[in-house]
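Trainee: Curious how this folds, go ahead:
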Amino acid sequence: MKIKPLFIFFFLLCSMSSYSQQLELNELEYFETRGVNVLVYSNRYNPVFFDEKTAGIELIHHGVRTATGGAVRLHNTPEQWDLVPAIVNRHVDRDNKTISTTLRYEDFDFNSELKVMPRGKGFLIQVILEKPVPPKLVGRAGLNLEFFPPGYWESIYMSDGKPKLFPRYPSSDTYVRPKKEKIQQIYDHSTFDDRGREEFLDPLPISTARTFVLAPDDPERRLTIQSDSDILFFDGRVLAQNGCYVMRSILPGDRTGKVMEWYVEPNAIPDWTREPVIGFSQVGYTPAQQKIAVIELDKNDTPMAVATLYQVAADGTARKMFSADANVWGRYLRYNYLTFDFSSVREPGIYYIEYGGYKTNVFPIDKNVYDGLWHTTMDVWLPVQMDHMTVNEGYRIWHGTPYEDDAIQAPLNHRHFDGYSMGDTTDTRFKPFERIPGLNVGGWYDAGDFDIQTGSHNSVVMDLVQIYETFAPDRDMTYVDQKTKYTDLHRPDGKNDLLQQVEHGVLALVAQIENVGHPVWGIIVGNLHQYHHLGDAATITDNLPYNPGLKPYETDGLSSGTPDDRWVFTNRNAFMDYAMAASLAAASRVLKNFNPDLSKRALACAQKMWDENVNKPADAIPRHGVFGFGGGNMSAALQLYIATKDEKYKIVFEEALWKMLDAPTINTNMPGNVPVANGISYAFAVYPYMDAGFHQKLRPYILKYKEESDTVTAKSPYGVPMGGRGWAGNGPIMSWAINNYFANKYYPDIIDEEYVYRGLNYLFGCHPYSNISFVAAIGAQSKKMTYGSNRADFTFIAGGVVPGLLFLQPDFYENKDDWPFIWGQNEAIITTATPYVFLGNAIEELAKRMNK
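Mentor: Modelled structure (predicted):
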């Protein structure tokens, strides 16, 4: 017990330290001193995806969020689907400078209170219990705080004064425990495939101490944790690649009141000021377009008066090309902003920006900077996502042919871990777990996981059709053989790549209607231990149809007793029927000459969905499903009218369109809202097929759209509608820019080309937090890591477009480029790929027009 007097002495020493480094409770309800922010449940656990590593007690250390998940947890290294506590209440006591949060585990009737308060140069975390830890949780409930490994893995730590290396790769020990001792994960699923052995793994600590000092060599990351109780250091990556370093103390089982206390002291560099972030397009600029860099400054920084543009010659010398005032924009969230307008520079060349002694990397100014920027997404990223295909690139096999065993009917009354659900009927002729034939064709992996998400497929097919009908790109750099299920990248095959991708998506959608009878919500693995699979999707299942007459892991060569086949969530929904009718009607047009048979089948399926819905009362079509959408027929009517020119569809569409355009618009005061003028994109889609009277009638709505857009985009210095919480905002920003393209095309006197450029400038690096391009491998500096199937290798798939900047309450935008596992920031998905391809084509067209 010699530690305790030392612990008391440490607090006495802290109490005599300079108050300049003490944390203060600010007006945004978190603790702050220069270089250190401590958030206490400013952000909460997600009710659908649980532990996203963006909640609890969190630390922003010299501008970087380094710690998260401070909470009473029930596991040594909590995984995403382990139980998370509900937040009963959060109380800010300004008089006593404390923030208290009551946490509850309903399954165990267990409440705990976390109280955080400044102390010395750091802060205390106290755990307070009104009742002792329940018997089932004794030895399991503990105080945890998690640290993102990249901030530490090239440093050392001290454990009660003994130096030790942070593990660069997980190699700590585990032990096997019987399954009956496991605290069940959400909905009684399991991330661990025990191969029928009724067991699970528990990690052992790397080190145990009462004082840890992390990264003593690094002033920006140095942190001390002390307690009278043992602190156990775990490496969560030993169970899950997205795990963190975890500090943990087990709560005593027989006490109430204050049962645990930690002192945490993050080092604060005196007078620390965050380096400016100079936001600009990593792709560069054309001579004629507007060129405005946005400079993000620490609130303690003193703005400099001037920024300078330098041109780099072929011999490497740089000359001052242009200087101008760095104009004060003002405060946005936690930072101050300046703008630097160098639009007057039109000479082609290589440039960089200098401000206050800080230089950007180089970027080009040239009339051809936008040529082919979308090629990588269409040539690499989207083909790699092709389901039911082997995908090859040079010497590399991206994946073999997966899911030849697709698919079986999902069970009734089931709540799936990825948000899907089934009601008390299948809405099909199939019984639960019965094989539904014909679904092992076409489609794309939705994202970093490997499901077929029908709503996303509808959107992507619609996007691809819109790209083809608007720009008619004629590119052939991908070999696709549907008969042998083989795709080869960078290999022309004499066919239009974009139409091949439309075909691939339509094959999956038509298969649903022809084999199920209507669209399904999705096709996805039923076991959680399959869902988190990383690597080759062909190894997620055994590719043999499930046979309940065989034992698990037994096969007769044609079927298997292993229940690993994907499930089909089949509850019917009018919204999904109409959405698929729209996408298939649209696709039928562009496939008419490319694949006439599939074109006819797609249009027949679209008309079938229309007829089965429009001829029934509104309440006759079940409305089960993952999102609970109602039925809306406007998009289906639009696409069927364009495909067939049948006036009955036009009448339905026009009536719905004007009602939507006249409806109240969204509340533009809410963070992340994007002005859409309620249905303006539908109006743009039908514009070429309508007369002058329609065009004139639409004009006031374009004026309204511009007014709303200007209101929302004026809220930040970047001139785009910034995203909100949960999922970052690149998708809505691209949708906004696409709307602007059409508005400029049809009403150039109202909206100019810069409204389109702004969206892409943001995507390419003119944004908060950093200045990297959010499109992997596009731009001088771009995303080094994305949340894809290869994320465990800390890399990317070229051409993937990430969600971007995630907003963490109350004032912090973040996009980590050293930790790919936060999907809300880094997951490249199919529904961000195709809008980017559209904008890539659009910006090529605009650049050629402006720079003639």
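
Trainee: can we go C-alpha only for contacts and neighbour counts from here?
Mentor: OK.

Trainee: Below-threshold pLDDT in the chain: ranges please.
Mentor: Along the chain, segments meeting pLDDT under 70 span 1-20, 616-632, 665-677, 724.

Trainee: Show me which strand runs longest in it.
Mentor: Longest strand of the chain, by residue count under DSSP state E: strand 223-235.

Trainee: helices or strands up against it?
Mentor: helix 3-15, strand 207-214, strand 245-250, strand 257-266 (3 or more Cα pairs under 8 Å, 6 or more residues apart in numbering; DSSP states H and E).

Trainee: The last one pairs with which strands, parallel or anti?
Mentor: Strands that pair with strand 257-266, judged by DSSP bridges, come out as strand 122-129 (antiparallel), strand 223-235 (antiparallel).

Trainee: could you dump those to a markdown table with distance to residue 300?
Mentor: Putting these into a markdown table (distance: least, Cα to Cα, whole Å) gives the following:
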| stretch | distance to residue 300 |
| --- | --- |
| strand 122-129 | 21 |
| strand 223-235 | 23 |
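
Trainee: Looking at those strands, which is nearest to residue 456?
Mentor: Residue 456 sits nearest to strand 223-235 of all the strands paired with strand 257-266, at 35.7 Å, using Cα to Cα.

Trainee: mind listing what's buried in the closest one?
Mentor: Using 16 or more other Cα atoms under 10 Å as the test for burial, strand 223-235 gives 223, 224, 225, 226, 227, 228, 229, 231, 232, 233, 234, 235.

Trainee: right, and the fifth one touches residue 263 too?
Mentor: Yes: shown here, residue 227 and residue 263 form a contact pair, counting by Cα atoms under 8 Å, at 6.4 Å.

Trainee: Helices along the stretch 651-800 of the chain, start to end?
Mentor: Assigned by DSSP state H, counting those that start in this stretch, the helices in the stretch 651-800 of the chain fall at 680-686, 692-713, 730-746, 754-763.

Trainee: most packed of these?
Mentor: Stretch with highest mean neighbour count among the helices of the stretch 651-800 of the chain: helix 754-763 (a mean of 24; mean count of other Cα atoms under 10 Å).

Trainee: Contacts made by whatever helix or strand comes next after it with the rest, please.
Mentor: Sequence order places strand 806-808 as the next helix or strand after helix 754-763, per DSSP states H and E. Among residues not part of strand 806-808, those counted as contacts by Cα atoms under 8 Å, 6 or more residues apart in numbering are 43, 54, 723-729, 813-815, 824-825.

Trainee: if we go to 6 Å?
Mentor: By Cα atoms under 6 Å, 6 or more residues apart in numbering, the residues outside strand 806-808 that reach it are 724, 725, 728, 813, 814, 825.

Trainee: Against residue 213, how distant is the last one?
Mentor: If I follow you right, that is residue 825. Going from residue 825 to residue 213 by Cα to Cα, to the nearest Å gives 30 Å.

Trainee: Comparing these two, which residue is more hemmed in?
Mentor: Using other Cα atoms under 10 Å, the more surrounded residue of residue 825 and residue 213 is residue 825, with 27 against 21.

Trainee: ok, the more buried one touching residue 801?
Mentor: No: in this structure residue 825 lies outside contact range of residue 801 using Cα atoms under 6 Å: 10.3 Å.

Trainee: Next, give me the two most distant ones among the buried residues of strand 223-235.
Mentor: Using Cα to Cα, the buried residues of strand 223-235 span at most 22.1 Å, a distance reached by 228 and 235.

Trainee: for the stretch 201-350 of the chain, what spans make up the helices?
Mentor: Counting by DSSP H, counting those that start in this stretch, the stretch 201-350 of the chain contains no helices.

Trainee: Buried ones in stretch 454-465, by neighbour count?
Mentor: Going by neighbour count (16+ other Cα under 10 Å), the buried part of stretch 454-465 is 454, 455, 456, 457, 458, 459, 460, 461, 462, 463, 464, 465.

Trainee: quick one: contacts of it?
Mentor: Outside stretch 454-465, the residues that reach it (Cα under 6 Å, 6+ apart) are 502, 521, 522, 580, 583.

Trainee: try it again with 8 Å
Mentor: Stretch 454-465 has contacts (Cα under 8 Å, 6+ apart) with 443-444, 446, 498, 501-502, 505-506, 509, 519-522, 576, 579-580, 582-583, 586-587, 590, 830-831, 834-835, 838.

Trainee: Quick one: mark the members of the residues you listed that sit in strands.
Mentor: Judged by DSSP E, the contacts of stretch 454-465 include residue 522 as members of strands.

Trainee: So among the contacts of stretch 454-465, which ones count as buried?
Mentor: Buried among these (16+ other Cα under 10 Å): 443-444, 446, 498, 501-502, 505-506, 509, 519-522, 576, 579-580, 582-583, 586-587, 590, 830-831, 834-835, 838.

Trainee: Between which two of the buried residues of stretch 454-465 is the distance greatest?
Mentor: The span of the buried residues of stretch 454-465, defined through Cα to Cα, is set by 454 and 465 at 16.5 Å.

Trainee: picking that back up, in CSV, list the buried residues of strand 223-235 along with distance to residue 635.
Mentor: Formatted as CSV, the buried residues of strand 223-235 follow (distance: Cα to Cα, whole Å):
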residue, distance to residue 635
223, 55
224, 58
225, 57
226, 60
227, 61
228, 64
229, 62
231, 58
232, 56
233, 55
234, 52
235, 50
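
Trainee: and which of those is nearest residue 26?
Mentor: Minimum distance to residue 26 across the buried residues of strand 223-235 is 21.8 Å, recorded for residue 223 (Cα to Cα).

Trainee: Skipping its backbone neighbours, what lies nearest the closest one in space?
Mentor: residue 266 (4.3 Å; Cα to Cα, 6 or more residues apart in numbering).

Trainee: So that neighbour versus residue 63, what's the distance?
Mentor: Between residue 266 and residue 63 the distance is 13 Å, computed by Cα to Cα.

Trainee: Would you work out how far apart the start and end of stretch 148-158 are?
Mentor: End-to-end distance of stretch 148-158 (Cα to Cα): 17 Å.

Trainee: An error on my part: the question was meant for stretch 209-229.
Mentor: Stretch 209-229 has an end-to-end distance of 9 Å (Cα to Cα).

Trainee: What are the contacting residues of it?
Mentor: With contacts defined as Cα under 8 Å, 6+ apart, stretch 209-229 is touched by 3-4, 7, 61-62, 151-152, 155-161, 230-232, 249, 260-269.

Trainee: Mind doing that once more with 6 Å?
Mentor: For stretch 209-229, contacts defined as Cα under 6 Å, 6+ apart pick out 155-160, 230-231, 262-267.

Trainee: now stretch 518-535
Mentor: Stretch 518-535 is touched from outside by 190-193, 451-454, 512-513, 566-570, 789-790, with contacts defined as Cα under 6 Å, 6+ apart.

Trainee: Which residue, other than its chain neighbours, is closest to residue 155?
Mentor: Closest residue in space to residue 155, ignoring its immediate chain neighbours: residue 215 at 5.6 Å, by Cα to Cα, 6+ apart.

Trainee: try residue 256
Mentor: Closest to residue 256 by Cα to Cα, 6+ apart is residue 129, at 4.9 Å.

Trainee: And that neighbour, how close does it get to residue 302?
Mentor: As judged by Cα to Cα, residue 129 and residue 302 stand 47 Å apart.

Trainee: higher neighbour count, these two?
Mentor: It is residue 129, of residue 129 and residue 302, that has more neighbours when counted by other Cα under 10 Å, with 20 against 11.

Trainee: what helix or strand is residue 849 on?
Mentor: Using DSSP H and E, residue 849 sits in helix 830-850.

Trainee: And that helix, how far out from the chain middle?
Mentor: Centroid separation for helix 830-850 versus its chain: 21 Å, with Cα atoms, centre = their mean, to the nearest Å.
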